[in-house]
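# sequence unavailable; structure follows:
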């Protein structure tokens, strides 16, 4: 295991996962729980960007960090989706589509890497748009209130629907790129 700041920031993001769940068990108002969960998710998202930037800037990229970073990201997003389903803010179908795709594409990437073909399923702009939609939608749905003229419940829900559509689209994109190897 590598001992550097970017890796510790990724571990911090992993620590945020049980904290995100735990916020909703605190003996505070629902509004305070929502705010705490939203800020925790946003802080974790900032560390995701920051740890990658630091690792590249300081030349501290490692195979372990390259493995742990996407695991932390996917666990954080999947946990947030489960929390949102539990709170009744999103439908289990939307969460299942997104979580299922994350598992399937991660497995596909692992398999393609074993074949030496990981470049064929490298991150594509469709996947980046999907991630951006998720990372805006989830804090809005955790906040679950009006923010000035913005109805975070409505906008967050529809952004997550868009993310689910992009999720399916990107999964088919990656499967199409891997198809010649799947047939063989």
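All right, it came through fine. Keep in mind the model is a prediction, meaning the values are calculated, not measured.

# now residue 151: phi and psi?
Note on residue 151: backbone dihedrals following degrees, to the nearest 10 are phi -90, psi 100.

# roughly how far apart are it and residue 123?
31 Å (C-beta to C-beta, to the nearest Å). (C-beta placed from N, C-alpha, C; glycine too.)

# what does residue 104 give?
15 Å.

# mind listing the helices for the chain?
5-22, 30-57, 63-86, 92-114, 125-143, 152-183 (DSSP state H).

# spatially nearest residue to the residue nearest the centre of the chain (excluding sequence neighbours)?
The centre of the chain sits closest to residue 77, judged by C-alpha atoms, centre = their mean, with a distance of 3.6 Å. Excluding the flanking residues, the one nearest residue 77 by C-beta to C-beta, 6 or more residues apart in numbering is residue 134, at 6.0 Å.

# residues in contact with the one you found?
By C-beta atoms under 8 Å, 6 or more residues apart in numbering, the contact set of residue 134 is 77, 98, 159, 160, 163.

# run through the residues that contact the first one.
Neighbouring residues of residue 77 by C-beta under 8 Å, 6+ apart: 98, 102, 134, 135, 138.

# likewise for the last one?
Taking C-beta under 8 Å, 6+ apart, we find residue 163 in contact with 98, 130, 133, 134, 137.

# can you rerun that using 10 Å?
77, 94, 97-98, 129-138 (C-beta atoms under 10 Å, 6 or more residues apart in numbering).

# domains of this protein?
The chain breaks down into these domains under automatic domain parsing: 1-88, 90-184.

# any chance of those in a markdown table, with mean pLDDT too?
Below are the domains of the chain laid out as a markdown table (pLDDT from 0 to 100):
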| stretch | mean pLDDT |
| --- | --- |
| domain 1-88 | 92 |
| domain 90-184 | 90 |
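
# excluding covalently adjacent residues, which one is nearest to residue 117?
residue 181 (6.0 Å).

# burial count for that neighbour?
Residues near residue 181, counting by other C-beta atoms under 10 Å, number 14.

# mind checking how far residue 137 is from residue 153?
Counting by C-beta to C-beta, the gap from residue 137 to residue 153 is 11 Å.

# buried among the contacts of residue 163? Need that as a selection in PyMOL.
Those of those that count as buried under 16 or more other C-beta atoms under 10 Å are selected in PyMOL with:
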select buried, resi 77+94+97+98+130+131+133+134+135+136+137+138
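
# closest to residue 169 among the contacts of residue 163?
For the contacts of residue 163, the minimum distance to residue 169 (C-beta to C-beta) is 7.9 Å, reached by residue 130.

# quick one: that closest one and residue 161 touch, right?
No: using C-beta atoms under 10 Å as the test, residue 130 is too far from residue 161 to be in contact (11.8 Å).
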